[in-house]
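**Q** Pasting the sequence and the predicted coordinates here, then a few questions.
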Amino acid sequence: MNQNLAFADYAVFIIYFIVVSVYGYTIYSKRKKDEHDAKAYFLAEGNLTWWAIGASLIASNISAEQFIGMSGEGFFLGIAVAAYEWLAAVALIIVAVWFIPVYLKNKIYTMPQFLKTRYNESTALIMAVFWLFLYVFVNLTSILYLGAVAINGLAGGEYLHVIMVGLAVFALFISLGGMKVVAYTDVIQVAVLIIGGLVTSYIALTTVGQYFGVGENAIAGFKVLMREAPEHFKMIIPRPTATSSQLEIDKYLTFPGLMSYLAGIWIINLNYWGCNQYITQRALGADLQTARTGILFAGMLKLLMPLIVMLPGIAAYVLYQNGHLPQLVGGKDGAYSAVLTFLPTGLKGLSVAALTAAIVASLAGKVNSISTIYTLDIHKKYIQKEAGEKQQVNIGRIAVFAAMLLAVLFTWNDILGIGGVGGFTYIQKYTGFISPGVFAMFFLGMFWKRTTGTAAIVGVILGFVLSVLFNEYAPMLFGNETLLYTAYPNGKGAFEIPFHICMGLSFLFTMLAMIGISFAGPKVNPKAFEIDSEMFKVKPQTTVLIVITLLIIVALYVKFW
């Protein structure tokens, strides 16, 4: 087991870097005549193909928190964590059929613009500022930190800050070219991360097969995983009983069985895929059919993701439990890096390139969206109202640089404590506090004409307050009998409501409050969007894609229920 990178690994990585850089510069050169067109820079308006949209969605989504964090959850929970990915495919179908038509018909380019058009200026400004803080201090920092830690472990463990700066600079190089450069380089990034991820999973399975005497056969290795860790191949985690171990309780707290499917995991996915600037931005510059096909293509790619980001974690668990993986640096989040050490020279470089591709693509996508929100929804409206097209592009580029600089500074010494809770948990924890309120505000705003601006502001604030209430003060509200106890490394413990259940409760009460407030207003809000059934009709080829995706998901759940 060689833990360091060899010359061949560096060579593979350098080739990847050159290919992406040259291709990105080529795309930028072709659109150079439009470089001062703000919509071309921020949205690549009308120029993205369905496959570029789909690939860019996946590239922006799959990053260090998936490769490292979800692999760690695979080590801890098993296949249950795949629900995030497989139900994301269903969420993408919902977004493609019902959400995107509303955005495109009303010429929505940013999420704050949606809120201003549907509700009022105050709601839009509050959420624009909030999203900027969330994207910079939660998303950028966690991706940068997790990615640098993972690559640093393979490079010898002495280059954390160098790698961090390198990832930031690489992402800046891509993102300064605008959305079109980001989207089309994402096609290469997705190809690299899928190929590299599949190679890593294949080597992990053959390694398991080799250690357990069934030969270097991936299928045989997978059967070994199912035999050695049958509890890791159950989609539904049972509710703990009085005799359950602390480990069983902790698993249920992370993913509370069927209760997760009642609200929590749907709120996470629908809010992420349908109300998220750096995700929906890929489709907002296209026509409806192109946008729909691209989103559904992303949904089909999502079905592959557990094989890439979760399976290595289960392989690491089986190897670790049987003494074939003696060291797991960083707890469960070290599972993916541990598996990479089994890769032969050259392939290890490919896997590092795949990991880097995921990190850089997500960083580039997020800073592009940060610059879009700041430039169009804050700077142009409140600071420099007369800014022309060229000035807007320049402001956007300054925002890109400033956002990345802030992320590097706050990640430099892990100021935010990302490493203490694990990257995947860090992101879910801090975005989950506001997801119920934000999703309620968007959902009712799209599909119920009576929803008022007052209800929207109350909803987003109440959703946050309720999330804090249910997460932090549950024992005082419900009593210990209805909660689950979890122990912490410092020897202390606490009673908790599982995270997904907290989200469901917050969403339920927020919706009720918003509906009650809206009933006190006019029967039809004058700012309500016009919606007709024709908007939501899909073409036969689109229906075929939807049916195939749903059948695959049903088959997977039947197999691993």
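**A** Good, I have the coordinates. Numbers count the residues shown, from 1 in each chain.
**Q** residues touching residue 517, list them.
**A** Applying CB atoms under 8 Å, 6 or more residues apart in numbering to residue 517 gives the contacts 452, 454, 455, 458. Just so you know, the C-beta spots here come from the backbone N, C-alpha and C atoms, and that holds for glycine as well.
**Q** can you tell me how far the third one sits from residue 115?
**A** Residue 455 sits at a distance of 12 Å from residue 115 (criterion: CB to CB, to the nearest Å).
**Q** Name the member of the contacts of residue 517 with the most neighbours.
**A** Among these, the one with the most neighbours (other CB atoms under 10 Å) is residue 455, at 28 neighbours.
**Q** contacts for the helix or strand harbouring it?
**A** According to DSSP states H and E, residue 455 maps onto helix 453-472. Contact partners of helix 453-472, identified using CB under 8 Å, 6+ apart, comprise 115, 118-120, 122-123, 126-127, 432-438, 440-441, 444-445, 477, 496-497, 499, 501-503, 505-507, 509-511, 513-515, 517-518, 521, 525, 527.
**Q** Now it - C-alpha only, PDB.
**A** C-alpha atoms of helix 453-472 as PDB (Å, rounded to 0.1, in the frame of the first residue of the first chain):
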ATOM      1  CA  GLY A 453     -45.000  39.200   0.600                       C
ATOM      2  CA  THR A 454     -45.600  39.400   4.400                       C
ATOM      3  CA  ALA A 455     -46.100  35.700   4.500                       C
ATOM      4  CA  ALA A 456     -42.800  35.100   2.600                       C
ATOM      5  CA  ILE A 457     -40.800  37.200   5.100                       C
ATOM      6  CA  VAL A 458     -42.400  35.600   8.100                       C
ATOM      7  CA  GLY A 459     -41.900  32.200   6.500                       C
ATOM      8  CA  VAL A 460     -38.100  32.500   6.000                       C
ATOM      9  CA  ILE A 461     -37.600  33.900   9.500                       C
ATOM     10  CA  LEU A 462     -40.000  31.400  11.200                       C
ATOM     11  CA  GLY A 463     -38.400  28.500   9.300                       C
ATOM     12  CA  PHE A 464     -35.000  29.400  10.700                       C
ATOM     13  CA  VAL A 465     -36.300  30.000  14.200                       C
ATOM     14  CA  LEU A 466     -38.200  26.700  14.300                       C
ATOM     15  CA  SER A 467     -35.200  24.800  13.000                       C
ATOM     16  CA  VAL A 468     -33.100  26.200  15.800                       C
ATOM     17  CA  LEU A 469     -35.900  25.400  18.300                       C
ATOM     18  CA  PHE A 470     -36.300  21.800  17.200                       C
ATOM     19  CA  ASN A 471     -32.600  21.100  16.900                       C
ATOM     20  CA  GLU A 472     -31.300  22.800  20.000                       C
END
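**Q** chain center to it, what's the gap?
**A** Distance of helix 453-472 from its chain centroid, counting by CA atoms, centre = their mean, to the nearest Å, is 23 Å.
**Q** In it, which residues are buried?
**A** Neighbour-count burial for helix 453-472 flags 453-460, 462-464, 466-467, 469-471 (criterion: 16 or more other CB atoms under 10 Å).
**Q** Now residue 319: closest residue in space, sequence neighbours ignored.
**A** In space, and not counting its chain neighbours, residue 319 is closest to residue 325: 4.0 Å by CB to CB, 6 or more residues apart in numbering.
**Q** how many neighbours does that neighbour have?
**A** Neighbour count of residue 325, defined by other CB under 10 Å: 22.
**Q** Which residue would you name as the spatial centre of the protein?
**A** Nearest to the mean C-alpha position of the chain, counting by CA atoms, centre = their mean, stands residue 61 at 4.3 Å.
**Q** quick one: it from residue 15, how far?
**A** If you go by CB to CB, the gap between residue 61 and residue 15 works out to 25 Å.
**Q** lowest average confidence, helix or strand, in the protein?
**A** helix 418-421 (a mean of 48; mean pLDDT, DSSP states H and E).
**Q** How about stretch 142-161, which residues are buried there?
**A** 142-155, 160.
**Q** Grab the two from those residues that are most spread out in space.
**A** Largest separation among those by CB to CB: 142 and 155, giving 20.1 Å.
**Q** for the chain, what spans make up the strands?
**A** Ranges of strands within the chain are 484-487, 493-496, based on DSSP state E.
**Q** Restricted to buried residues, select the contacts of helix 453-472 in PyMOL.
**A** Burial among these is assessed by 16+ other CB under 10 Å; the matching PyMOL selection reads:
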select buried, resi 115+118+119+120+123+126+127+432+433+434+435+436+437+438+440+441+444+445+496+497+499+501+502+503+505+506+507+509+510+511+513+514+515+517+518+525
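**Q** from the contacts of helix 453-472, which ones fall inside helices?
**A** 115, 118, 122-123, 126-127, 432, 435-438, 440-441, 444-445, 477, 499, 501-503, 505-507, 509-511, 513-515, 517-518 (DSSP state H).
**Q** before we move on, back to that, thought the residue nearest to the centre of the chain was touching residue 362?
**A** Yes. Using CB atoms under 8 Å, residue 61 is in contact with residue 362, at 7.3 Å.
**Q** For the residue nearest to residue 319, give its distance to residue 80.
**A** Residue 325 sits 22 Å away from residue 80, taking CB to CB as the criterion.
**Q** Equivalent analysis for residue 383, please.
**A** Taking CB to CB as the measure, residue 383 and residue 80 are separated by 47 Å.
**Q** With neighbour numbers in mind, choose between the two.
**A** The neighbour count for residue 383 versus residue 80, taken as other CB under 10 Å, is higher for residue 80 (24 against 11).
**Q** Who are the contact partners of that one?
**A** Counting by CB under 8 Å, 6+ apart, residue 80 touches 234, 235, 236, 237, 255.
**Q** Least confident of those residues?
**A** Among the contacts of residue 80, residue 255 carries the lowest pLDDT, at 84.
**Q** Tell me where the model's unsure across the stretch 1-150 of the chain.
**A** In the predicted model, the stretch 1-150 of the chain carries pLDDT under 70 at residues 1-4, 30-47, 64-65.
**Q** cutoff 50 now
**A** 1-2, 34-35 (pLDDT under 50).
**Q** Could I get the full set of helices for it?
**A** Along the stretch 1-150 of the chain, counting by DSSP state H, counting those that start in this stretch, helices occupy 7-30, 38-43, 50-61, 64, 71-76, 83-94, 100-105, 111-118, 121-134, 141-154.
**Q** Ok, the stretch 201-350 of the chain next?
**A** 218-228, 246-254, 264-274, 277-280, 288-302, 305-309, 311-321, 335-340, 347-373.
**Q** Let's have these in CSV, adding mean pLDDT and distance to residue 21.
**A** Listed next are the helices of the stretch 201-350 of the chain as CSV, based on pLDDT from 0 to 100; distance: least, CB to CB, whole Å:
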stretch, mean pLDDT, distance to residue 21
helix 218-228, 92, 33
helix 246-254, 81, 39
helix 264-274, 89, 30
helix 277-280, 69, 22
helix 288-302, 92, 24
helix 305-309, 87, 24
helix 311-321, 90, 28
helix 335-340, 80, 24
helix 347-373, 80, 11
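**Q** Redo those as a markdown table? Include distance to residue 540 and mean neighbour count.
**A** Converted to a markdown table, the helices of the stretch 201-350 of the chain look like this (distance: least, CB to CB, whole Å; neighbours: other CB atoms under 10 Å):
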| stretch | distance to residue 540 | mean neighbour count |
| --- | --- | --- |
| helix 218-228 | 36 | 17 |
| helix 246-254 | 41 | 18 |
| helix 264-274 | 24 | 23 |
| helix 277-280 | 25 | 24 |
| helix 288-302 | 12 | 23 |
| helix 305-309 | 27 | 24 |
| helix 311-321 | 35 | 25 |
| helix 335-340 | 41 | 28 |
| helix 347-373 | 32 | 28 |
